[in-house]
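Visitor: Model the following, please.
(2 chains)
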Amino acid sequence: MTASERVDLIFRESYGKVLAYLLARGFDLLRSEDAVSAAFAAALMEWSDALPPNPEAWLCRVALHRVIDIERRERRITPLESLVETADPIEPEDPTMLPDERLRLFFLCTHPAIAAEIQTPLMLQLVLGMSAESMSELFLLPAATLGQRLVRAKRKIRDAQILPELPNAEEFQRRLPSVLQAIYGLYSRDWGTTEPTEAMDLARSLMIASEGDPEAIGLLALVLFCESRRKVVRDAYVPLSEQDPSDWDQEMISSAEKLLQAAAARESPGRFQLEAAIQSAHVQRAFTGSPSYAQIARLYEALTTMAPTTSNRLGHVAATLEATGPEAAQILLSRIQLTEPYLPYEAVSAHVALRRNDLTAARKHAEAARALSKDPKTAAYWGEMIQTIQNP
Amino acid sequence: MKYGLLFYETSAQFAERESESAGQYWGAWSAYIDQLDDAGVMVRGAGAGLQVPGSATTLRATAGELTIQDGPIADTKEQLAGLVVLEVPSLDDAMAWAKLAPCAEGGAVEVRPILPDPS
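Guide: The predicted model follows:
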């Protein structure tokens, strides 16, 4: 990893933490954003030789001084006031205390006074420092439009004084699904690229802040199950059914199982608990040799009723293929309408077609899957698959 | 931080003022205002109840030409019925008070931050 890649990574992982650190100390959102950018610009210059021992603490300290400078310039803080503000007792030496503050950013962005359609982009910007340009494709909006809406939302937070506080219990419950979804999105984004410990820390903080909400526990269990297998796919793409269970991280699996049981004891099922339960059924293979596909198919059926996303429905198709057979899977598959090309759809379709001995269709879908693979490891897997179909 | 709570009522709610249930209508409003006052969140003298929209006159100047319209600014389902100014720490507090307003059910309450003192 080059120095500038390393700084990029720190930027991505620390942006939200540093911003949350300033907001938690009562600084204005727009000024804090400017100060965080200035701190990162300073880091690019000053870290060219060596990184400081604790880069996050360094960034917090520089951003704090910068925001005080900005406030002093714009609002003319008296020297006495600035003395009080700089004498902050929390020198950010221990970054483990910071994720809780970042959680407040998530809840701030889900405030009902902020338009629903801008909440997710706002979370990505405030927590991850993503620019309007980089999100423009994701939200199918011109960068300029998205940028204007983000600025409008941030001005509203400032002008109407929406505070970065954890809401009361009732409101917390109402906003929790959006926050869970955002953290899961963050985890999925980082899965193939970096160590997704950030999302895991956030999931853990959320579980504590929600006093053990079953869905928050479910999310942490789900993340742990996925993490337990991440090492296996680091070097080459291997489908779950072809992985060797002894490569999985047993410690993570056992923590995840315990969490899932604790969530189930609260008798309030939900989407993330179901997804974690599906993972749990898959890893049963480590003990019994083969997973119970009938059970997995039943869990997917419940999940698609609760959250009928294309990705969940494809999971249901794949489980049905194993549990019942290719004809039943084909019926479910034919009900899925795509609006744009989607790799998992082509992948599942290829497997279903193979099992039905429809080699023409299998090849067509495998080729589409290879074309859609952004990751070279996945593309290589589909390249081999096409070879096998051609020369059985 | 100061917020204006702008109370909007439907024509049915305005009509209650002159109906058999007028006593209930005014009772609910005065109880609400008392509640705000007792909690010490209302800026005294800064708010007002308004007479019915039909009593309004709207003025507009276009290139120096004055037009005068009998009635409120726009013919919408809800019309401005009154306002108060609250002094509370955050939008969440202002919203908590807004949802208790008698017109929230059926009508609407707009919460608008008030410009800070220019000094």
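
Visitor: which phi and psi does residue B:110 have?
Guide: Dihedral pair for residue B:110: phi -100, psi 130, per degrees, to the nearest 10.

Visitor: export stretch B:102-117 as PDB, just CAs?
Guide: Output in PDB follows, covering the C-alpha atoms of stretch B:102-117 (Å, rounded to 0.1, in the frame of the first residue of the first chain):
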ATOM      1  CA  PRO B 102     -55.300  21.500  18.700                       C
ATOM      2  CA  CYS B 103     -55.100  22.100  14.900                       C
ATOM      3  CA  ALA B 104     -52.400  19.400  14.400                       C
ATOM      4  CA  GLU B 105     -55.100  16.800  13.900                       C
ATOM      5  CA  GLY B 106     -56.900  17.700  10.700                       C
ATOM      6  CA  GLY B 107     -55.000  20.900  10.100                       C
ATOM      7  CA  ALA B 108     -51.200  21.500  10.300                       C
ATOM      8  CA  VAL B 109     -48.500  23.200  12.200                       C
ATOM      9  CA  GLU B 110     -45.400  24.600  10.500                       C
ATOM     10  CA  VAL B 111     -42.300  25.000  12.700                       C
ATOM     11  CA  ARG B 112     -40.100  27.800  11.400                       C
ATOM     12  CA  PRO B 113     -36.800  28.800  13.000                       C
ATOM     13  CA  ILE B 114     -36.700  32.600  13.700                       C
ATOM     14  CA  LEU B 115     -33.800  34.600  12.300                       C
ATOM     15  CA  PRO B 116     -31.200  35.300  15.000                       C
ATOM     16  CA  ASP B 117     -30.600  38.800  16.300                       C
END
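
Visitor: Buried residues, that stretch. List them.
Guide: Residues of stretch B:102-117 classed as buried by neighbour count (16 or more other Cβ atoms under 10 Å in any protein chain shown): B:102-103, B:107-109, B:111, B:113. C-beta here means a position set from N, CA and C on the backbone, and glycine is covered the same way.

Visitor: I'd like to know how far the closest residue to residue A:379 other than its chain neighbours sits from chain B.
Guide: Nearest non-adjacent residue to residue A:379, counting by Cβ to Cβ, 6 or more residues apart in numbering or on different chains: residue A:373, 3.9 Å away. Distance, residue A:373 to chain B, by Cβ to the nearest Cβ, to the nearest Å: 46 Å.

Visitor: for residue A:373, what are its contacts?
Guide: With contacts defined as Cβ atoms under 8 Å, 6 or more residues apart in numbering or on different chains, residue A:373 is in contact with A:343, A:379, A:381-382.

Visitor: average pLDDT for the strand or helix carrying residue A:222?
Guide: Per DSSP states H and E: residue A:222 is located in helix A:214-228. Model confidence over helix A:214-228, given as mean pLDDT, is 93.

Visitor: Around chain B, pick out the residues from the stretch 51-200 of chain A.
Guide: A:111, A:113, A:159-163, A:165, A:167 (Cβ under 8 Å from any Cβ of the partner chain).

Visitor: what do you get if the cut-off is 7 Å, keeping everything else the same?
Guide: A:113, A:159-163 (Cβ under 7 Å from any Cβ of the partner chain).

Visitor: Now list the buried members of those residues.
Guide: Burial of these was assessed by neighbour count (16+ other Cβ under 10 Å); the buried members are A:160-163.

Visitor: pLDDT below threshold where in the stretch 151-300 of chain A?
Guide: Within the stretch 151-300 of chain A, the set of residues satisfying pLDDT under 70 comprises A:189-196.

Visitor: CA atoms only for stretch A:221-228, dumped as PDB, please.
Guide: Presented in PDB, the C-alpha positions along stretch A:221-228 are these (Å, rounded to 0.1, in the frame of the first residue of the first chain):
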ATOM      1  CA  ALA A 221     -24.500 -11.600  14.200                       C
ATOM      2  CA  LEU A 222     -25.000 -11.300  10.400                       C
ATOM      3  CA  VAL A 223     -21.800  -9.200  10.100                       C
ATOM      4  CA  LEU A 224     -19.800 -11.700  12.200                       C
ATOM      5  CA  PHE A 225     -21.100 -14.700  10.100                       C
ATOM      6  CA  CYS A 226     -20.000 -12.900   6.900                       C
ATOM      7  CA  GLU A 227     -16.700 -12.000   8.400                       C
ATOM      8  CA  SER A 228     -15.900 -15.500   9.500                       C
END
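
Visitor: How many neighbouring residues does the residue of the stretch 201-350 of chain A found nearest chain B have?
Guide: Going by Cβ to the nearest Cβ, chain B is nearest to residue A:209 of the stretch 201-350 of chain A, at 17.2 Å. Neighbourhood size, residue A:209 [other Cβ atoms under 10 Å in any protein chain shown]: 19.

Visitor: Is it in contact with residue A:166, as I believe?
Guide: Yes - between residue A:209 and residue A:166 there is a contact at 6.3 Å, judged by Cβ atoms under 7 Å.

Visitor: check contacts around the closest residue to the residue of the stretch 201-350 of chain A closest to chain B other than its chain neighbours.
Guide: Nearest residue to residue A:209, sequence neighbours excluded (Cβ to Cβ, 6+ apart): residue A:103, at 5.9 Å. Taking Cβ atoms under 7 Å, 6 or more residues apart in numbering or on different chains, we find residue A:103 in contact with A:202, A:205-206, A:209.

Visitor: and residue A:101, how many neighbours does it have?
Guide: Applying other Cβ under 10 Å, I find that residue A:101 has 21 neighbouring residues.

Visitor: Chain B versus that one, what's the distance?
Guide: 17 Å.

Visitor: what's the nearest residue to that residue if we skip its chain neighbours?
Guide: Residue nearest to residue A:101 in three dimensions, not counting chain neighbours: residue A:20, with 4.0 Å by Cβ to Cβ, 6+ apart.

Visitor: can you check residue A:104 too?
Guide: residue A:164 (4.3 Å).

Visitor: And residue A:42, by the same measure?
Guide: residue A:62 (5.6 Å).

Visitor: Tell me the secondary structure of the one you found, please.
Guide: Applying DSSP: H, G, I helix; E, B strand; the rest coil to residue A:62 yields a three-state assignment of helix.

Visitor: rewinding a little: where does the residue nearest to residue A:209 land in three-state SS?
Guide: Strictly by three-state DSSP, residue A:103 counts as helix.

Visitor: Shouldn't residue A:338 be within a strand?
Guide: No - going by three-state DSSP, the assignment for residue A:338 is coil, not a strand.
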